[in-house]
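Novice: Sequence first, then the predicted structure:
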Amino acid sequence: MGRSDDPVADAEARPLSPGERPSPDAGPGPALIGPAKESNRWVEVILPLVAAFALAVFVRCLAVGLPIEGDAVAYGALAHSLSNGHGYTIDGVAHDRYPPGHPTLLALSLLFGGTVTATSRWLGVLLGGAAAALLVSIGMRIGRGKGSIVLLVVLAAAHPAL
């Protein structure tokens, strides 16, 4: 049996024995090189993330005109309190029911001339899209098959709590 001077060709030409690992010099092999690899990466990784984000933004844009009520009112009151320098309070009483992240983002918007209503709506749209894309990213790492990814994209994008 003749051996060539090329270790990559030798590694590809013979099967690995039990316990033997491929040489790190062997590279990814011919099946993973070139435009096919880039195309597969786009379809299998990037496209589901973009689809989840875009679909989530579209679904949430449909609800932009709905009234703001419930927790969003408290977030707005906290944002006004923060932006006016009164701390994390509602009507002068310290508040501990809601985490400070969202009201702080709203308060920053108020400091730059934005409104609570518009900022709440557009933050909801963008953060909802980002949450859907993140959920799909996690799902792609643990999921099985393309059908489950498609289902996850649709459910993550349309779920109102995200």
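Specialist: Now that the structure is in, tell me what you want to look at.
Novice: which is the next helix or strand following the lengthiest helix in the chain?
Specialist: The longest helix of the chain (DSSP state H) is helix 116-142. From helix 116-142 onward toward the C-terminus, using DSSP states H and E, the following helix or strand is helix 145-158.
Novice: Please tell me I have it right and L49 contacts L135.
Specialist: No - L49 is beyond contact range of L135, at 10.1 Å (criterion: CB atoms under 8 Å). Backbone N, C-alpha and C define where each C-beta goes, glycine included.
Novice: Between the two, which is the more surrounded one?
Specialist: More neighbours surround L135 than the other of L49 and L135, with 19 against 16 (other CB atoms under 10 Å).
Novice: The spatially closest residue to S120 that is not a sequence neighbour and A79, how far apart?
Specialist: Sequence neighbours aside, A72 is the residue nearest to S120 in space, at 5.6 Å (criterion: CB to CB, 6 or more residues apart in numbering). A72 sits at a distance of 10 Å from A79 (criterion: CB to CB, to the nearest Å).
Novice: so I68, which of the three states?
Specialist: Secondary structure, DSSP: H, G, I helix; E, B strand; the rest coil: I68 is coil.
Novice: Pull the contacting residues for it.
Specialist: I68 makes contacts with G76, T117, S120, R121, as judged by CB atoms under 8 Å, 6 or more residues apart in numbering.
Novice: From these, list just the buried residues.
Specialist: Buried members of these, scored by 16 or more other CB atoms under 10 Å, are G76, S120, R121.
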